[in-house]
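K.L.:
Kindly generate the corresponding structure for this input.
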Amino acid sequence: MAMVLREMMSPASMPWTLVFGTLGIVLLWQAARLLDRLWWNPRRLERALRAQSLRGTSYRFLIGDVNDYERRNKEARSRSIPLRCHDIAPHVAPLLHDIVGEHGKVCISWYGPYLKVTISDPDLTKEVMSNKFGHFEKLQFLALSRLLAGGLATYEGEKWVMHRRILNPAFQLEKLKLMLPAFSTCCEELVSKWVQSLGSDGTCEVDVCPELQRLTGDVISRTAFGSNYLEGTRIFQLQSEQAERLLARIKKIVIPGYLSLPTKNNRRMEEINNEIESILLSLIGKRMQAMQEGENTKDDLLGLMLESNMRDIDENGHSITGMTIKEIVEECKLFYFAGTETTSILLTWTMIVLSMHPEWQDRAREEVLRLFGKNRLVYEGFSQLKTVSIVLFTTT
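P.N.:
Numbers count the residues shown, from 1 in each chain. This next block holds a predicted model:
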């Protein structure tokens, strides 16, 4: 025993003792940080909120409510919604609907180790969203936003203000008017496709959800990239696949470091992200070169964004810069992800509701034909679409 101790204390063995000791301390420190993130911090947050009389589900180590979320979604999808039923919350978000019903309009739930406070009271929601004290913070899933979309939706503070200022001109009314021909072209192509599908009896069955997803993807491709809309269509296809892959593995995403593992699915998601960014970098590079050569490139979202970004840099001088190329890429990815899903879901639900109420379908059709006939839509006539506006506001 004494010999072993002497060997350990010998000068030759001291460096290895220090290495192993340091390594052990680092591993213990990392384990403590992980334990704090996955157990102690969630429990502290839960106790603090319950002390303020908030109720909800109890935290379960690592998974939170993910298993219940998956189980309730499967149960809801297995049942059909009755005809003319507008109560879609139990079908679309069954677990959240149950939690709100059981614990009240302000309640807590868990996405893995991440606490969620749900506010379903309209007045309180308005107060929180309009509050300027900065207490409302966005959840940050860095690995998830990197693979899907980051940009304005993930930023806070001064960075959010700067991006919002640069992007705002692209969405002004006068700029959107210029995109109306692209909207009209996409819709005409879809309607022509449906007309060609009509059978001998003048009818056909169409699954409108994927059709409208392709429509919104086509609209964004044309309005975001103009003459390069074919490349834009490829981005839409890739992002659709990316979203499906992420949603299919939502239960595993909450595991820290899971998206960094070299699984077959994770490698494919990295390939998709790399291809999307490669296409966008190529488009941005070509567009910036065209702008430097004096070409007019302000007729689509990418051109408007780049022009606004360059103007912001010129006005502020070299001390304050606009968006980096990487940040522009993220904003372009966000155009697709935020635009296609929200718009296609709204249009799909609108068509479902109109099929439930054919009398409103007839009224909306008569209004459009009365104002525009069989001519192309013009912006000035939109303000006169009273019935169509009622339908859209009701389904939003």
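K.L.:
Which of the three states applies to residue 110?
P.N.:
strand (DSSP: H, G, I helix; E, B strand; the rest coil).
K.L.:
how far away is the residue lying closest to it once chain neighbours are set aside from residue 129?
P.N.:
In this structure, residue 110 finds its nearest non-sequential neighbour in residue 64, 2.9 Å apart by Cβ to Cβ, 6 or more residues apart in numbering. C-beta: built from backbone N, CA, C; applies to glycine. Distance, residue 64 to residue 129, by Cβ to Cβ, to the nearest Å: 25 Å.
K.L.:
Could you check which of those two is surrounded by more residues?
P.N.:
More crowded of residue 64 and residue 129, by other Cβ atoms under 10 Å: residue 64, with 22 against 9.
K.L.:
can you tell me how far that one sits from residue 380?
P.N.:
Per Cβ to Cβ, residue 64 is found 52 Å from residue 380.
K.L.:
can you check residue 363 too?
P.N.:
Counting by Cβ to Cβ - residue 363 and residue 380 are separated by 21 Å.
K.L.:
of these two, who's got more company?
P.N.:
Neighbour totals were compared for residue 363 and residue 380, and residue 363 leads with 17 against 9 (other Cβ under 10 Å).
K.L.:
quick one, what contacts the more buried one?
P.N.:
Applying Cβ atoms under 8 Å, 6 or more residues apart in numbering to residue 363 gives the contacts residue 387.
K.L.:
May I ask which helix or strand encompasses it?
P.N.:
Using DSSP states H and E, residue 363 sits within helix 358-372.
K.L.:
could you dump that helix to PDB, C-alpha only?
P.N.:
Extracted C-alpha coordinates of helix 358-372, given in PDB (Å, rounded to 0.1, in the frame of the first residue of the first chain):
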ATOM      1  CA  PRO A 358     -73.300  26.900 -49.000                       C
ATOM      2  CA  GLU A 359     -75.600  30.000 -48.800                       C
ATOM      3  CA  TRP A 360     -72.500  32.100 -47.800                       C
ATOM      4  CA  GLN A 361     -70.500  30.400 -50.500                       C
ATOM      5  CA  ASP A 362     -73.200  31.600 -53.000                       C
ATOM      6  CA  ARG A 363     -73.200  35.100 -51.600                       C
ATOM      7  CA  ALA A 364     -69.400  35.400 -51.700                       C
ATOM      8  CA  ARG A 365     -69.300  34.100 -55.300                       C
ATOM      9  CA  GLU A 366     -72.000  36.500 -56.500                       C
ATOM     10  CA  GLU A 367     -70.200  39.400 -54.900                       C
ATOM     11  CA  VAL A 368     -66.900  38.600 -56.600                       C
ATOM     12  CA  LEU A 369     -68.600  38.100 -60.000                       C
ATOM     13  CA  ARG A 370     -70.500  41.300 -59.600                       C
ATOM     14  CA  LEU A 371     -67.400  43.400 -58.900                       C
ATOM     15  CA  PHE A 372     -64.900  41.800 -61.200                       C
END
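K.L.:
circling back to that earlier point, now the residue nearest to residue 110. Its backbone dihedrals?
P.N.:
Here is the backbone geometry of residue 64 (degrees, to the nearest 10): phi 60, psi -120.
K.L.:
again, but for residue 33
P.N.:
According to degrees, to the nearest 10, residue 33 has phi -60, psi -40.
K.L.:
what about it, how many neighbours?
P.N.:
Count around residue 33 with other Cβ under 10 Å applied: 10.
K.L.:
And for residue 323?
P.N.:
Under the neighbour criterion other Cβ under 10 Å, residue 323 is assigned a count of 22.
K.L.:
Now do the contacts for the closest residue to it other than its chain neighbours.
P.N.:
Nearest residue to residue 323 in three dimensions, chain neighbours excluded: residue 309, at 5.2 Å (Cβ to Cβ, 6+ apart). Taking Cβ under 8 Å, 6+ apart, we find residue 309 in contact with 166, 322, 323, 328.
K.L.:
repeat that with 6 Å
P.N.:
By Cβ atoms under 6 Å, 6 or more residues apart in numbering, the contact set of residue 309 is 166, 322, 323.
K.L.:
show me the contacts for the residue nearest to residue 110.
P.N.:
With Cβ under 6 Å, 6+ apart, residue 64 has these contacts: 110, 111, 112.
K.L.:
Look up which residues are beta-bridged to it.
P.N.:
Taking DSSP bridges as the rule, residue 64 bridges to residue 111.
K.L.:
Can you report how many residues neighbour the nearest residue to residue 379 once chain neighbours are set aside?
P.N.:
Spatial nearest neighbour of residue 379, excluding adjacent residues (Cβ to Cβ, 6+ apart): residue 177 at 5.1 Å. When neighbours are counted by other Cβ under 10 Å, residue 177 registers 12.
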